[in-house]
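*Asks:* got a predicted structure here, sequence first:
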Amino acid sequence: MRLFLGLVVLTFLLGCSSTKESDVVTVEKAVCDIPYSTYQATVTGYCQEVRADLTEELPTTIKNIELKPVEQIPEVFWFSKKMEYTLNKQDGPAPLVFAIAGTGASHEASKMLSLQKTLYAQGYHVISISSPTFSNYIINATTHEDMTGDLAKDAKTLYKTMQKVYAQVQEEDNVEATSFSLTGYSLGGAHSAFISFLDETEKKFNFEKVVLVNPPVSLYNSVQVLDGYLDLVGDREAALDMVESIFDRFAEQYAVQESSKFTQDSIYSMFQGVDLREEELKLLIGASFRMSSTDMMFAIDASYNIGGFIYKNHEISKFESLTHSMHRADEITFTDYFDRHLLPWTIKLEPELTRDEMIARLSLKNLEDYLSKSDKISVVTNADDLILIDGEIDYLREVFGDRAKIFERGGHCGNMDRKSFVEYMNTQFTGEKS
Amino acid sequence: MKIANQPVKIFTSVAMALMLSACSSAPDIEANAEPPTVAMPDVKKEDTLIGRYSDPFEGFNRRMYYFNAKADEYVILPVVSGYKAITPDFVETGVSNFFSNLGEIPTFVNSLLQFKFGVAAETLGRFAVNSTVGVAGLFDIATPIGLDEQDEDFGQTLGYWGVGPGPYLVLPLLGPSSLRDTSGLIIDSAVHQATVNELGLKDEEALLLDTLRAIDTRANVPFRYFESESAFEYEKIKLLYMKFREIQIER
C-alpha cells in the first residue's frame, strides 16, 4: 500500500491541472514532447496527438437512486447510501446512450467525461453508469448471488439498473429517448457486449448501436497482465525503491519549475524531466489497478460479510480504523480474487464448473457467434493496448471484420480525448437516426 | 520529532491533548466475530508507506474527517455554490486575486526565512505590481509579465530548517495538517492578521473579509469528500497530504 503513493501523487497532480479558464494566460502546447510508449500513453494519455476539440458546455446532473433499503448499506459506507450516476440531457427528445465505466472507475471519471462530451455533442442524451467494480455500485446495485467480475451476471444487474435509471430520468427530468445505444471503455466495453447480448432476448432497449472501447478479450488474461506490473510478493524492496525514486525525481522537477502552480503543461514537462523507465510506468499502472481492485474487494467484503480483509460478523463503525484492512489487501491481486473468491463462489452454485471453463466464460470469445454477426456492434482499440496479449488484436479483427477500428498507438485508453479517436466515435454515433 | 517553535508547541500540545485523548479508532469486536482470513503481510510497519507517517491521533482525526465531510456537505459547499451563483465570474476572479495578493506577504516572509532570495524578490515584485497596476490586487498583472506565483508558508519554513512533520492531524474545517504545519498555520495567521490590521477595518468588515476569504479558498479547492467512494479515502488523503508537503518543502 506504500505503493499507492505514486498514484496518489499522480492523481493529485493531474487533478490539480484543471485550472480555471481565467487563469490560463499562456496558450497550451498542442502536443507534449514525452517519448512515446504504450505505458506512457496509458499513464499520461496519448499526448503526442492533438487533443480533440471537445465541448466545454456540458449540462451535467449528478443523480442518485435508491436501489437497496438504507439498513442494508454497511455503516462504513455511510457516504454511499444511494447509487450515483450522471445525466447529460438534451433539450428535447433525442437518442440516448448509456456509457459504462472501466475497472474501478465511477460515472464521473475523466475518461467518462470525454465520452460524455463526445456523445453529447453528437446530440445524444448521455447516462453514465459506474463500473460494477466501483464501490458505490457494488454496495448499492449488486446482489449476493451475482459476484462482481462474472461478466454475464454483471450484465444482468447492469441491465436492471439501466432500466430503473431510465425510468427515473423519464419521471424526474422529462428525458425522452428516441432510441437507445450503448458504449463502455475497458471492462465497461466487455460489459457492453454482454449487455447487448442480453438485450437481444430481453428487448427492453433494442440497442441501435453498441461500441466497445478498448475492451479486454479475456478478462483473465488482462488482469494477469496488470497484476504482474506490481509484484509485492516477489520483490517488495525493489518495488518500494522504485516508488521512492519516482517520487524523489518528481520532487526535484517540481523544485526547478518556475512557478509553484500546476498546469497541464507543467505536468507534462515534469514527466519529461522525470523520464520514467518502462518498469516504473508499469509499476504506476499496476499500483493504480491494485488500488481499484482493493477498493472493489473491500466493498464486496463489507457488503456480504465475507471476512477477507475485515472481521466476519462485525459491523465496522464509521470512525473505526481500516488501516489493518489496507495492509492485508496490499498483496492481494485481482487474480487472487478470482481464485480465492469468484471461482469458489460460483462453484458453490454450479459444482461441475472447472477453473478453465470459468476463465473462458469471462471472455468475448464466449459471445463470438453473436459478436461476429451483429452489425450494430463495433470495437475500437489500439494495436498496442497493453491489456491485450499476443493474438488478441488479430482475434478482434477476425471476429469484428470491418467493424473493428484499430489505432496504431494510444496504449490502454490513452487516446479517448484525442482527435482521431473522437472523429471515429462521431462516425459511429451520428445521432441522426431516431 | 525535532523541536518546533517552543511556545507554539506547548500551545498546540495542550489544546490537542485536551481534544485527542478521548477518542479511539480501535475496533470494538463482537463475541462471534472471526478474524480476517487474509493475514497481515509479514513486514514491519515502519517499512510501509502508511505506517511511516505516524497517526497517534487517528481516533480524533477520523471523527474530524467525518465532521468536515458533513460540514462541507451541509454548510460550506452550499454557501460556496450560492456565492458562485450570485457572483459574476470576473468578480470571483477579482476576489481570488485579491486574497492571493494578500497571501504574497506570508510567502515573502517565509521565503526570506528560508534564504530563498530569488523567490522573495519575485514575490515582492508580484505584490508591488499587483497592488498598484493591478488595482489593490484585483487583477493579476504579474503572472503574464513573467513573475510567477510562489507558495511558501511557515510549515514549509519549519520543514526547511529540519523540523519533521510530527503526527498527522485533521483540523476542524481546515482539513489535513500535521503538528508542524498547524504550528506554522498559527504563525501565518498572525502575519495575515497583522496585514489585515494595516487595512484599518472595523470588526464587522474584518469578519466579512475573513468569511469571503474562507469561501474563496474553498471555491478554489477541487475536492469533494468521498467522491472517490473509497473506504480508504482517509488513508489515501493522509498519504497524499504528507507526501505533497514533502514535495513542497523540497522546493
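*Replies:* Right, received. Where do you want to start?
*Asks:* please name the nearest non-neighbouring residue to whichever residue of the stretch 51-200 of chain B sits closest to chain A.
*Replies:* Per CB to the nearest CB, B:Asp148 is where the stretch 51-200 of chain B lies closest to chain A, at 3.5 Å. Every C-beta, even on glycine, is put in place using the N, C-alpha and C of the backbone. For B:Asp148, ignoring the flanking residues on the chain, the nearest one in space by CB to CB, 6 or more residues apart in numbering or on different chains is A:Ser259 at 3.5 Å.
*Asks:* can you list the buried residues in the helix or strand encompassing A:His191?
*Replies:* Using DSSP states H and E, A:His191 falls within helix A:187-202. Neighbour counts over helix A:187-202 (16 or more other CB atoms under 10 Å in any protein chain shown) mark A:187-199 as buried.
*Asks:* check chain A for its longest strand and report it.
*Replies:* strand A:177-185 (DSSP state E).
*Asks:* that one pairs with which strands, parallel or anti?
*Replies:* strand A:94-100 (parallel), strand A:209-213 (parallel) (DSSP bridges).
*Asks:* need the residues that contact that strand.
*Replies:* Residues from elsewhere that reach strand A:177-185, judged by CB atoms under 8 Å, 6 or more residues apart in numbering or on different chains: A:93-102, A:111, A:115, A:119, A:124-125, A:166, A:189-192, A:195-196, A:205-215, A:413, A:416, A:429, A:433-434.
*Asks:* burial of the nearest residue to A:Leu349 once chain neighbours are set aside, as a residue count?
*Replies:* By the measure of CB to CB, 6+ apart, the closest residue to A:Leu349 outside its immediate chain neighbours is A:Glu145, 7.4 Å from it. Using other CB atoms under 10 Å in any protein chain shown, A:Glu145 has 11 neighbouring residues.
*Asks:* do you know the pLDDT at A:Glu145?
*Replies:* What the model reports for A:Glu145 is a pLDDT of 81.
*Asks:* quick check: it touching A:Glu350?
*Replies:* No. Here A:Glu145 does not reach A:Glu350: they are 11.8 Å apart, not a contact under CB atoms under 8 Å.
*Asks:* using the three-state scheme, assign the residue nearest to A:Thr44 when sequence neighbours are not counted.
*Replies:* Among residues not flanking A:Thr44 along the chain, A:Phe271 sits closest, at 5.7 Å (CB to CB, 6+ apart). Following DSSP: H, G, I helix; E, B strand; the rest coil, A:Phe271 is assigned to helix.
*Asks:* didn't A:Phe271 look like it was pressed against A:Ile34?
*Replies:* Yes. Using CB under 8 Å, A:Phe271 makes contact with A:Ile34 at a distance of 5.5 Å.
*Asks:* that older thread, what kind of secondary structure is the residue nearest to A:Leu349 in?
*Replies:* coil.
*Asks:* where's it relative to A:Ile300, distance?
*Replies:* For A:Glu145, the distance to A:Ile300 equals 13 Å [CB to CB, to the nearest Å].
*Asks:* near chain A, which residues of the stretch 101-250 of chain B show up?
*Replies:* B:143-144, B:148-151, B:222, B:225-227, B:229-232, B:234-236, B:239-240, B:243-244, B:246-248, B:250 (CB under 8 Å from any CB of the partner chain).
*Asks:* 7 Å instead?
*Replies:* B:143-144, B:148-151, B:222, B:226, B:229-232, B:235-236, B:239-240, B:243-244, B:246-247, B:250 (CB under 7 Å from any CB of the partner chain).
*Asks:* the residues you listed in strands, which ones?
*Replies:* Going by DSSP E, the strands hold none of those.
*Asks:* buried residues, the longest helix anywhere in chain A. List them.
*Replies:* Longest helix in chain A by number of residues, with DSSP state H as the criterion: helix A:278-304. By neighbour count with 16+ other CB under 10 Å, helix A:278-304 contains the buried residues A:280-304.
*Asks:* likewise stretch A:142-155?
*Replies:* Of the residues in stretch A:142-155, those buried (16+ other CB under 10 Å) are A:142, A:146-155.
*Asks:* lowest-confidence entry in the residues you listed?
*Replies:* A:Asp146 (82).
*Asks:* for it, which non-adjacent residue is closest in space?
*Replies:* Going by CB to CB, 6+ apart, A:Asp146 has A:Lys153 as its nearest residue, at 3.9 Å.
*Asks:* before we move on, back to that, present the strands paired with strand A:177-185 as TSV; the columns should include mean pLDDT and mean neighbour count.
*Replies:* Listed next are the strands paired with strand A:177-185 as TSV, based on pLDDT from 0 to 100; neighbours: other CB atoms under 10 Å in any protein chain shown:
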stretch	mean pLDDT	mean neighbour count
strand A:94-100	98	27
strand A:209-213	98	26
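*Asks:* now those strands as TSV including distance to B:Ala120?
*Replies:* Shown next, in TSV, are those (distance: least, CB to CB, whole Å):
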stretch	distance to B:Ala120
strand A:94-100	50
strand A:209-213	50
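*Asks:* can you pull out the helices in the stretch 51-200 of chain A?
*Replies:* In the stretch 51-200 of chain A, the helices defined using DSSP state H, counting those that start in this stretch lie at A:110-121, A:135-141, A:151-173, A:187-202.
*Asks:* please read the previous query as pertaining to the stretch 1-150 of chain B.
*Replies:* Under DSSP H, counting those that start in this stretch, the stretch 1-150 of chain B gives helices at B:6-20, B:49-52, B:58-71, B:77-86, B:89-113, B:117-132.
*Asks:* minimum distance to A:Leu388: which of the ones you listed has it?
*Replies:* Comparing those by their distance to A:Leu388 (CB to CB), the top pick is helix B:49-52, with 31.6 Å.
*Asks:* mean confidence score for that closest one?
*Replies:* Per-residue scores along helix B:49-52 average to 74.
*Asks:* go on, stretch B:73-86?
*Replies:* 93.
*Asks:* repeat that for stretch A:330-337.
*Replies:* Per-residue pLDDT values over stretch A:330-337 give a mean of 92.
*Asks:* does the host helix or strand of A:Ala255 come close to chain B?
*Replies:* Assigned by DSSP H and E, A:Ala255 belongs to helix A:236-256. Yes. Counting by CB under 7 Å from any CB, chain B has neighbours in helix A:236-256: A:236, A:247, A:250-251, A:254-255.
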